[in-house]
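Engineer: Pasted the sequence and its predicted model underneath.
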Amino acid sequence: MWFLGTAAAQDYPSESVTIVVPFSAGGGTDTLARIVQSQLEDIWGVSVIVENRPGASGLVGSLSYLGAPADDHRILMASTGAILALAREGQGMVDGEFRVEDVLQPISQIAQPPYIATVHPDLGVDSVQELIDYAKENPGDITFGSSGVGAASHLTGVLFQNLAGVEFTHVPYNGMGEAGPALLGGEIDLLFAPAPVVEPYFADESLTPLALTTGQPSQMFPDLPNISDTLEGFSIAGWFGLFGHPGIGEEQIQTLNEGVQQALNSEAVAEAMANQGAEPAPMTLAEYQDFVNNDIAMWLELLEMANQD
């Protein structure tokens with residue numbers, strides 16, 4: 001058993017590493033964790049296990065991870081929504097501002113795939129403008145899913161409704177692993193989803209992509225317009241990344257960062273992510289900490305907007 005601070009960083013990790021995913025299998029967070037899993041095994045020379053602990057937009061698994069004793073062989077693979085869920089619970093909040101370093105140790109971003117406004121073909125719309133027109137003619141008829149109340153996918157829909165002046169009916173699920181299949185099966189009409197969740201169903205037209213949420217072109221989806229082309233000022237990006245328990249030593253966190261960056265720079269990971277509509281987006285420890293804090297501040301503003309509706 002590894003004890004914190006008792007061995008040199010080069011001997012770490014010395015046993016199997018568990019990546020805790022606070023969402024169900026098959027969602028974007030889980031998919032990306034499994035993409036880096038095998039590459040990290042090769043780099044670290046130990047087995048890497050993905051453990052799913054879904055519930056409450058990532059909150060159940062994240063709180064479970066935080067509540068357990070510090071173990072530098074257990075790390076957390078979280079999404080925008082999971083960290084936002086922690087902030088909503090007051091975790092890491094100081095004087096009204098979120099500071100991730102007070103609750104988790106950022107290791108590295110993994111990917112920042114665009115969210116894609118995607119509809120079931122039965123809805124019969126093929127563009128953002130057609131979606132808006134349909135929603136205005138049929139207030140509340142369009143159902144849009146999310147990975148949970150207050151999750152990034154939910155708040156993206158809130159922003160869309162506010163800017164477009166339309167009304168959808170929100171249907172929350174227990175993670176994208178449930179919301180994606182619900183859209184595919186026609187249980188809901190619309191989903192603002194990370195690319196890995198919906199991209200595999202575009203080629204056979206099982207799902208219809210309308211537009212990107214990022215406000216800028218994507219090399220992965222050069223033919224897709226942006227929502228901002230129709231709704232000026234619309235810009236939303238989700239992200240996925242790894243975090244460590246606050247009790248893990250700094251040397252171990254640095255070693256984890258270096259291993260993850262090596263994995264993300266590999267052709268194998270880049271190719272696997274490309275097949276899911278994503279691309280690697282590694283960051284240094286300092287870059288990732290600043291990024292998370294600034295991004296969660298923006299999402300908290302959107303959450304306040306949602307609560308006012």
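Structural biologist: Looks like it arrived, so ask away. Numbers count the residues shown, from 1 in each chain.
Engineer: Tell me where the protein has strands.
Structural biologist: Along the chain, counting by DSSP state E, strands occupy 17-21, 48-52, 74-79, 93-94, 97-98, 105-111, 115-119, 143-146, 169-172, 190-194, 208-212, 240-244.
Engineer: what's the third one in contact with?
Structural biologist: The reference is to strand 74-79. Strand 74-79 is contacted from outside by 17-23, 28-29, 32-33, 50, 58, 61-62, 65, 68, 104, 107, 110, 152, 194, 238-245, 256, using C-beta atoms under 8 Å, 6 or more residues apart in numbering. (Each C-beta comes from the backbone N, C-alpha and C, glycine too.)
Engineer: Swap in 6 Å and give it another go.
Structural biologist: Counting contacts by C-beta atoms under 6 Å, 6 or more residues apart in numbering, the residues outside strand 74-79 that touch it are 18-21, 29, 33, 65, 240, 242-244.
Engineer: How about the first one?
Structural biologist: The set of residues external to strand 17-21 that reach it, using C-beta under 6 Å, 6+ apart, is 29-30, 33, 48-52, 61, 65, 73-77.
Engineer: What of the longest one?
Structural biologist: Counting by C-beta under 6 Å, 6+ apart, strand 105-111 makes contact with 32, 100, 239-244, 253, 256-257, 260, 278, 281-283, 288-289, 292, all of which sit outside it.
Engineer: just to revisit the earlier point, neighbour-wise, which one of the contacts of strand 17-21 leads?
Structural biologist: Highest neighbour count within these: T29, with 36 neighbours (other C-beta atoms under 10 Å).
Engineer: domains for this structure, by residue range?
Structural biologist: Domains of the chain are assigned by automatic domain parsing as 9-113+238-308, 115-229.
Engineer: So which of the strands of the chain is nearest E232?
Structural biologist: Closest to E232 of those, according to C-beta to C-beta: strand 208-212, at 13.3 Å.
Engineer: which outside residues touch the closest one?
Structural biologist: Contacts with strand 208-212, where a contact means C-beta under 6 Å, 6+ apart, come from 114, 116-119, 121, 128, 202, 218, 224-227.
Engineer: One more pass at 8 Å, please.
Structural biologist: For strand 208-212, contacts defined as C-beta under 8 Å, 6+ apart pick out 114-121, 123, 125-128, 131, 198-199, 202, 218, 221, 224-227, 229-230.
Engineer: and if you look at stretch 243-253?
Structural biologist: Stretch 243-253 has contacts (C-beta under 8 Å, 6+ apart) with 4-5, 9, 12, 65-66, 68-72, 74-78, 83, 100, 102-107, 256, 285.
Engineer: Please, a ChimeraX command that selects the buried ones among those residues?
Structural biologist: Buried residues within these, by 16 or more other C-beta atoms under 10 Å, are selected in ChimeraX with:
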select :12,65,66,71,72,74,75,76,77,78,83,100,103,104,105,106,107,256,285
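Engineer: Among the contacts of strand 17-21, which one lies nearest to T156?
Structural biologist: T29 (15.9 Å).
Engineer: most centrally placed residue in this structure?
Structural biologist: For the chain, the residue sitting closest to the mean C-alpha position, by C-alpha atoms, centre = their mean, is S79 at 3.3 Å.
Engineer: Now do the helices in the chain.
Structural biologist: Applying DSSP state H to the chain gives helices spanning 28-44, 59-67, 80-88, 128-137, 152-164, 176-184, 195-198, 250-264, 267-274, 285-308.
Engineer: Take the ones you listed and write them to a markdown table, including distance to P209.
Structural biologist: Compiled in a markdown table, the helices of the chain are given as follows (distance: least, C-beta to C-beta, whole Å):
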| stretch | distance to P209 |
| --- | --- |
| helix 28-44 | 15 |
| helix 59-67 | 29 |
| helix 80-88 | 20 |
| helix 128-137 | 11 |
| helix 152-164 | 15 |
| helix 176-184 | 11 |
| helix 195-198 | 7 |
| helix 250-264 | 25 |
| helix 267-274 | 16 |
| helix 285-308 | 23 |
